[in-house]
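Q: Provided below for reference: sequence and predicted model.
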Amino acid sequence: MEPNQAPKAKGKPFIIISVVAALLAVYGVFKGYHAFTHESTDNAQIESNAIPIVSRLAGYIDSIAIKDFQNVKPSEVLVQIDPREYELALSLAEADLLSAEADLSNANAQLLSTEVNKRVSQSNLDIQEVRLNKAKTDLLRDESLFKDNSITRKQLDDTRSAYETAQKQVRSNQDQLSYAQSQTGTIKAQIDKVKAQIAAKKSALENAKLRLSYTKITSPIAGKVGRTNLQPGQYVQPGQTLFTLVNNEQFWVTANFKETQLEKLKEGMEADIIIDGYPNVSVKAKIEGLSDATGARFALLPPDNATGNFVKVTQRVPVKLSIQNLAEVKPFLKTGMSVTVSVKTN
């Protein structure tokens, strides 16, 4: 039996080698076809908007309503700054406004009183002018009668005295009317000034309300809180970044392709994305736009190639891809995760 089994044993390695060679050939054909119809890069990351949460006021933290990596909703209160100082400022602004409104009411009452005095002065002037005209007529008549010796000197003097008194009374009433008119103008100017003060104090009141509202630091979007390092009683400054809020509703991919790959890339092309951390998750994407500058140009210190030691380096151009099945894969997406992008160019 041993001579008959030897040829069979010698044939097994050949079969294995043939199968392996066939698999390698198929794999080579697949990779060649894939390379011909796709452009790929592993220099890519998942992106999202990271919003710094800052304090608009100076003050001491009263309470903290969030913790690390917590999901938050829009307008949800995150941090409460001690509001007592700003509540007092609001009360003071309200009192200032009430005082200014009281001044306006008082000025309006003075204007009304002055208008009444002006009308009374005008009426008195009209009466005195009538009396003056009568006194003048009496004087002219008595002067004529005196020439005819019809009246005595005393009667003429009394008539002349009454006329002069009427003249003085008219001048006095004219002065009173002028004073009332000037008072009216003064009070109207005062009213305009108080109205301007009221407008300023209303603005101050609104500003006090606004500053009081800033003591509640709220979430501008739905997202997830990053790392926090806050404690109640901690003092914060205006403009100080407290922590970062990541928008976990919107994600996209930024892939840095070599400049030699750009010839085949166009907007709207579909792409497959493999997440390094979740290789079995299928992410579908589409090219949304290509940058008009290389990634090096966005660096803090762009390279200067105008030197004698120039070494040509293949540049990379950022390409933005929108995720098409975002609702399905969103639980697996984390900002900054590395991915591999394969764009279907054919």
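A: Sure, I can see it. The shown structure was predicted, so the numbers you read here are calculated from the model rather than taken from an experiment. Numbering: from 1, shown residues only.
Q: And the residue lying closest to residue 44 once chain neighbours are set aside, how far from residue 43?
A: Spatially, and ignoring its direct neighbours in sequence, residue 44 is nearest to residue 255 (3.7 Å; CB to CB, 6 or more residues apart in numbering). Every residue, glycine included, has its C-beta placed from N, CA and C. According to CB to CB, to the nearest Å, residue 255 stands 7 Å off from residue 43.
Q: okay, those two: which has more neighbours?
A: Using other CB atoms under 10 Å, the more surrounded residue of residue 255 and residue 43 is residue 255, with 28 against 16.
Q: quick one: contacts for that one?
A: In this structure, residue 255 makes contact with 41, 43, 44, 318, 319, 321, 339, 341, judged by CB atoms under 8 Å, 6 or more residues apart in numbering.
Q: part of a strand, is it?
A: Yes. Secondary structure of residue 255 (DSSP: H, G, I helix; E, B strand; the rest coil): part of a strand.
Q: low-confidence ranges in the stretch 101-250 of the chain?
A: Nowhere does the stretch 101-250 of the chain drop to pLDDT under 70.
Q: And the helices in it?
A: For the stretch 101-250 of the chain, the helices defined by DSSP state H, counting those that start in this stretch cover 153-213.
Q: Any idea how many residues pack against residue 252?
A: For residue 252, using other CB under 10 Å, the count is 16.
Q: so it touches residue 324, yeah?
A: No. Applying CB atoms under 8 Å as the test, residue 252 and residue 324 come out as separate, 10.9 Å apart.
Q: Please confirm that residue 56 is located within a strand.
A: No. Read with three-state DSSP, residue 56 is coil and lies in no strand.
Q: need the contact list for it.
A: Residues in contact with residue 56 (CB under 8 Å, 6+ apart) are 211, 214, 238, 239.
Q: same thing but 6 Å
A: By CB atoms under 6 Å, 6 or more residues apart in numbering, the residues touching residue 56 are 214, 238.
Q: and it, what are its phi and psi?
A: Main-chain dihedrals, residue 56, degrees, to the nearest 10: phi -90, psi -10.
Q: can you pull the pLDDT of it?
A: Residue 56 carries a pLDDT value of 94.
Q: Can you tell me how far the most centrally placed residue in the chain is from residue 316?
A: In the chain, the residue lying closest to the centroid (CA atoms, centre = their mean) is residue 220, at 10.9 Å. Distance of residue 220 to residue 316, computed by CB to CB: 33 Å.
Q: And residue 87, by the same measure?
A: For residue 87 relative to residue 316 (CB to CB), the value is 55 Å.
Q: Pick out whichever of the two has more residues nearby.
A: Neighbour count, other CB under 10 Å: between residue 87 and residue 316, residue 316 has more, with 19 against 13.
Q: Could you report the neighbour count for residue 168?
A: The burial count for residue 168: 11, using other CB under 10 Å.
Q: Can you give me the neighbour number for residue 297?
A: The tally of other residues near residue 297 (other CB under 10 Å) stands at 12.
Q: Just confirm it is within a helix.
A: Yes. With three-state DSSP as the criterion, residue 297 is part of a helix.
Q: Spit out the contact partners of it.
A: Listed by CB under 6 Å, 6+ apart, residue 297 has no contact partners.
Q: before we move on, what about residue 162?
A: Counting by CB under 6 Å, 6+ apart, residue 162 touches residue 135.
Q: Would you check how far apart it and residue 153 are?
A: Noted for residue 162: a distance of 15 Å to residue 153, by CB to CB.
Q: Next: residue 297.
A: With distances taken as CB to CB, residue 297 is found 115 Å from residue 153.
Q: go on, residue 76?
A: Remark: distance between residue 76 and residue 153 (CB to CB) = 103 Å.
Q: neighbour count winner among the two?
A: Higher neighbour count among residue 76 and residue 153: residue 76, with 13 against 8, using other CB under 10 Å.
Q: Any idea how many residues pack against the closest residue to that one other than its chain neighbours?
A: Residue nearest to residue 76 in three dimensions, not counting chain neighbours: residue 219, with 4.7 Å by CB to CB, 6+ apart. For residue 219, the neighbour count with other CB under 10 Å is 19.
Q: swap in residue 230?
A: 14.
Q: Pull out the buried positions in the strand ranked longest in the chain.
A: Of all the segments assigned as strand in the chain under DSSP state E, the longest by residue count is strand 38-47. Neighbour counts over strand 38-47 (16 or more other CB atoms under 10 Å) mark 38, 39, 40, 41, 43, 44, 46, 47 as buried.
Q: for the residues you listed, which one is nearest residue 96?
A: Using CB to CB, residue 47 is the member of these that sits closest to residue 96, with 49.4 Å.
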